[in-house]
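> take this sequence and fold it.
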Amino acid sequence: MVSELIWMQLAADQQKRQEHEKPQFPCSAYYTDWRKGEREGVPWHWHRELEFMMVVRGYVQVQFGGKRADLREGEGFFCNTRALHRIWMKEGEPCCVYSLVFDARLISGGPGTVFDEKYIYPLVSAKAFPGAVFVLSDNRHVKILEHMRAAHQSCRQEGQGYEYDVRYHLAKALLLILEENRACLSGGGKEEPQMDRLRKMLAYIHTHYASGITVSHLAASAGVCERECQRCFRSFLQQSPMDYVRQYRIQMAGKMLLETGAPILDVGLAV
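Here you go, the predicted model:
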């Protein structure tokens, strides 16, 4: 079954609250249409699950790990566990994306298996590897995209034994990603200290967005100076701390308008 992703429930630290329709088959398939002035993308967030995303119409921009990439129809993105990322309309053009969000244990079978030790753990434990983009100009990427597309199609059709097909195509895509990036995955790597600081500052914003927030407040929440605060936001989010605060307040205002129907003035004052 494929669900339309209309609104994403996020915790204060921007972890997505992922609930699979079938807990015994922890894989959720989504499609999302974005239009200017309506839903224009997925805000900054992270989740414990792995994610594949493919553009089926239009153009999108993905941001993760301090990187930014523009993707067109047929291209896609892999997001590793706990990686902070955002997907947005490019230049306000309407677009549609498919995505698959799944627990790594669906592929590995759980800790202690050969699948986990040889293929999944080296990937998900590599904190220095937040994700990767796949473009049509690279033949190696085309194979990964084909498996992504086939997995999503199996979820849409739900034919006899489709769970086997989904698991097969997800596993093959992950194996190709592992092989292509094995050099940078060796040793697991360490997450940049800036990312941990950024999560703390984002959590502060998401908890106190309705109050007066300054760069000084954000810096103190992560135990850094104001210059380092500015550097973290610029490095990973490509925007200033206060730009993010304003953007998040607008996001929360939109959520309140959709869910409560409160007057615009009341919503504005609330955020």
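> may I see the buried residues of the helix or strand encompassing His217?
Applying DSSP states H and E as the criterion places His217 in helix 215-222. The neighbour-count check on helix 215-222 (16 or more other Cβ atoms under 10 Å) flags 215, 217-219, 221-222 as buried. For every residue, glycine as well, the C-beta is placed using N, CA and C.
> now the residues you listed in CSV, with pLDDT?
Formatted as CSV, these follow (pLDDT from 0 to 100):
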residue, pLDDT
Val215, 95
His217, 95
Leu218, 95
Ala219, 95
Ser221, 94
Ala222, 93
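> rewinding a little: show me how far the helix holding His217 is from its chain's centre.
Taking Cα atoms, centre = their mean, to the nearest Å, one finds helix 215-222 lying 25 Å from the centre of the chain it belongs to.
> tell me the helices and strands packed up against it.
Contact here means 3 or more Cβ pairs under 8 Å, 6 or more residues apart in numbering; DSSP states H and E; on that basis helix 215-222 packs against helix 193-208, helix 226-237, helix 241-260.
> now do that helix: everything it contacts.
Residues outside helix 215-222 that contact it (Cβ atoms under 8 Å, 6 or more residues apart in numbering): 197-198, 200-201, 203-205, 208, 225-226, 228-230, 232, 241-242.
> buried sites along stretch 146-156?
Using 16+ other Cβ under 10 Å as the test for burial, stretch 146-156 gives 147-155.
> from Ser108, how far off is the residue most central in space within the chain?
The chain has His85 as the residue nearest its centroid, 4.4 Å off, counting by Cα atoms, centre = their mean. If you measure His85 against Ser108 using Cβ to Cβ, to the nearest Å, the figure is 22 Å.
> now find how far off-centre whatever helix or strand Met53 lives in is within its chain.
Taking DSSP H and E as the definition, one finds Met53 inside strand 50-57. Per Cα atoms, centre = their mean, the displacement of strand 50-57 from the mean C-alpha position of its chain is 10 Å.
> quick check: what element follows that strand along the chain?
In N-to-C order, the element after strand 50-57 by DSSP H and E is strand 59-64.
> which strands or helices does that next one pack on?
Secondary elements touching strand 59-64 (3+ Cβ pairs under 8 Å, 6+ apart): strand 67-72, strand 76-79, strand 85-89, strand 95-102.
> what's the burial count for Pro111?
Using other Cβ atoms under 10 Å, Pro111 has 10 other residues around it.
> helix/strand/coil for it?
Assigned by DSSP: H, G, I helix; E, B strand; the rest coil, the conformation of Pro111 is coil.
> tell me the domain boundaries of this structure?
Using automatic domain parsing, the domain ranges for the chain come out as 2-185, 193-270.
> okay, now the unreliable bits of the stretch 151-271 of the chain?
By pLDDT under 70, the low-scoring segments of the stretch 151-271 of the chain are 186-192.
> sorry, back to before: ok, the strand holding Met53: who's next to it in the sheet?
Counting by DSSP bridges, the strands paired with strand 50-57 are strand 76-79 (antiparallel), strand 95-102 (antiparallel).
> helix or strand: which one has the nearest residue to Phe25 once chain neighbours are set aside?
Distances taken as Cβ to Cβ, 6 or more residues apart in numbering place Glu163 nearest to Phe25, at 5.5 Å, with adjacent residues excluded. Using DSSP H and E, Glu163 maps to helix 162-180.
> so that helix versus strand 50-57, what angle?
Relative orientation of helix 162-180 and strand 50-57, computed by axes from the mean of the first three to the mean of the last three Cα atoms, to 10 degrees: 100 degrees.
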